[in-house]
Each structure stands twice: as structure tokens, then as C-alpha cells.
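[1] Structure for this input, please:
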Amino acid sequence: MLAGKSIQQDEAVVRPQFSEEEFMAERRKMIEAISAHGLDDQEVLDVLARVPRHEFVNPEDIDFAYRDQPVPIGEGQTISQPLMVATMTSLAEVGADDSVLEIGTGSGYQAAVLAEMAREVVSVEIIGTHAKNAADRLKRLGYENISVIHGDGYFGWEEGAPYDAVIVTAAPEKIPQALIDQLAPGGRLVIPLGKSGWTQNLLLVRKDLDGNLEARKKESVRFVPFTRDKR
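    Residues are numbered from 1 along each chain as shown. Alright, predicted model coming up:
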């Protein structure tokens, strides 16, 4: 568990001060916890061991950055637990030449993980403040292959289609047709599906070279509901 002294960064934010060695030690513990659940995708584990998750949580929640649990990021949204990020990334089978669409940028952590593995990532976020903050954060951290779009992810992002993989980080009640349409032949869609407060299912949807779909339930999950633009 992280434990450090608080320092005044500016008039509004007080953030604990930790060494990089402490953060690295916490990441190692996080990877051990993920591995203990049976996830053995070494490429994904290596990526999670590199990405500084503490950069993607609010300053007051930095002590929870590497625990295997969701962490609130404001506006009713969360950064998903590390095990779920690893699971969804592994299911998406992201390759080095892939173009990936993420729906629900949040703080940008999942996008950063995907960007370590893919050629390019397009991430759509409906909450304007999250979109701006994530874009600024990812730029500051040096991620040049991520485009953050402020918009309604229900419609995907046609300008970048087709995508080799699509990952959705909030749960709609049905799969948006636009995401199916924008998925390339041979592509993979990873999406939680179901009503808030009810059992939700994490699905892996594959589109074959002829455009046929195969959907498989992978596990029961609990995600925040898919937010739509009400205008």
C-alpha cells in the first residue's frame, strides 16, 4: 500500500509524493494479483507493468491506483479495475498494426494500454471534461497514436473506420449497430451488455471475413451504464 507525504502542487490540488520505485513496486503487486486470477497473456501483463496507472486517477485517490478495483474519476464514471482492463485487452487480441476504437475514454487509462500495443487508437468520450482532461494527460505522457474525440460513442467514429478491434468500457442494453458496421472483417468487439443494476455479460463478438458475426459470453461483469447524448 502506498504511503507518502502530501505536497502542495497548486492552490487547488494536494497530491501525495511517492517515488518511482514505490510506484513500480505497486505495479508489480498489481500484475501478481491479475496473474493470480489466471490471466496469462504476457504481452498484456507487460504493458500493464509499464503504464503509470497512478497518472490516471484523481490526486486524492492515488493510494488506490494499483489496487484491483474500480476507482471513481468523477461524473459518475470510474477507471475500470486492472483485471478487467487486462481481460478486455487480451480478448481484443490487439496487434501492432491494428487500428482500435475505444468507446468511453474516461481518464484515458484503457486507451494508453491499447496504444502500447496498436498502431493507432481512436477513443470517443461523451463527457466533455473527461475528453479534454484525458487528451491533455495522454499528450503529456507522450502518447502520439491516440485521438480523443468528444462525442456520442453510440455512433462510433465513422471517419476512422474500419477498426480491427473495438472495446466498449460502459454497458449498453444492446450492441450499437454502428460499432458492428465499423468493425473490419476479422475484427473483434469486446463489450459489456445489460441493464444497470442487473447482471451484465461481457461479450466477445467476432466478424468473419464474410461479415458474419459470432458472439460469445465470457463472464458476468458490472459496468457503469452507457451514457447517451440527450440533446
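[2] So Gly142 lies in a strand, does it not?
    No: Gly142 is assigned coil when assessed by DSSP: H, G, I helix; E, B strand; the rest coil, not a strand.
[3] How many residues are close by it?
    Neighbour count of Gly142, defined by other C-beta atoms under 10 Å: 8. (C-beta placed from N, C-alpha, C; glycine too.)
[4] same check, this time on Leu189
    26.
[5] chain center to the longest helix along the chain: distance?
    In the chain, ranked by residue count with DSSP state H as the criterion, the top helix is helix 20-36. With C-alpha atoms, centre = their mean, to the nearest Å as the basis, helix 20-36 stands 18 Å off its chain's centre.
[6] Quick check: buried residues in the following helix or strand past it?
    Once helix 20-36 ends, the next helix or strand along the chain (criterion: DSSP states H and E) is helix 42-50. In terms of neighbour count (16 or more other C-beta atoms under 10 Å), helix 42-50 has its buried residues at 44-45, 47-48.
[7] what's helix 42-50 packed up against?
    helix 20-36, helix 82-92, helix 109-115 (3 or more C-beta pairs under 8 Å, 6 or more residues apart in numbering; DSSP states H and E).
[8] elements contacting the longest one?
    Helix 20-36 is packed against helix 42-50, helix 82-92, with contacts defined by 3+ C-beta pairs under 8 Å, 6+ apart.
[9] Quick one: the strands in this structure, in order.
    5-8, 14-17, 71-74, 77-79, 99-103, 120-125, 146-150, 163-168, 183-193, 200-207, 213-221 (DSSP state E).
[10] before we move on, back to that, what is the nearest of the buried residues of helix 42-50 to Leu202?
    Val44 (15.5 Å; C-beta to C-beta).
[11] ok, the closest one to Leu91 distance?
    For Val44, the distance to Leu91 equals 10 Å [C-beta to C-beta, to the nearest Å].
[12] Then Ser196?
    Ser196 is 22 Å from Leu91, by C-beta to C-beta.
[13] Residue nearest the middle of the protein, spatially speaking?
    Among the residues of the chain, the one closest to the centroid is Gln110, at 2.5 Å (C-alpha atoms, centre = their mean).
[14] That one contacts Ile167, doesn't it?
    Yes: using C-beta atoms under 8 Å, Gln110 is in contact with Ile167, at 6.7 Å.
[15] Mutual contacts of the two, please.
    The contact sets of Gln110 and Ile167 overlap at 88-89, 102 (C-beta atoms under 8 Å, 6 or more residues apart in numbering).
[16] What about those residues, which one has the most neighbours?
    Neighbour-wise, those (other C-beta under 10 Å) top out at Glu102, 32 neighbours.
[17] Contact partners for that one?
    Counting by C-beta under 8 Å, 6+ apart, Glu102 has contacts 110-111, 114, 121-124, 166-169.
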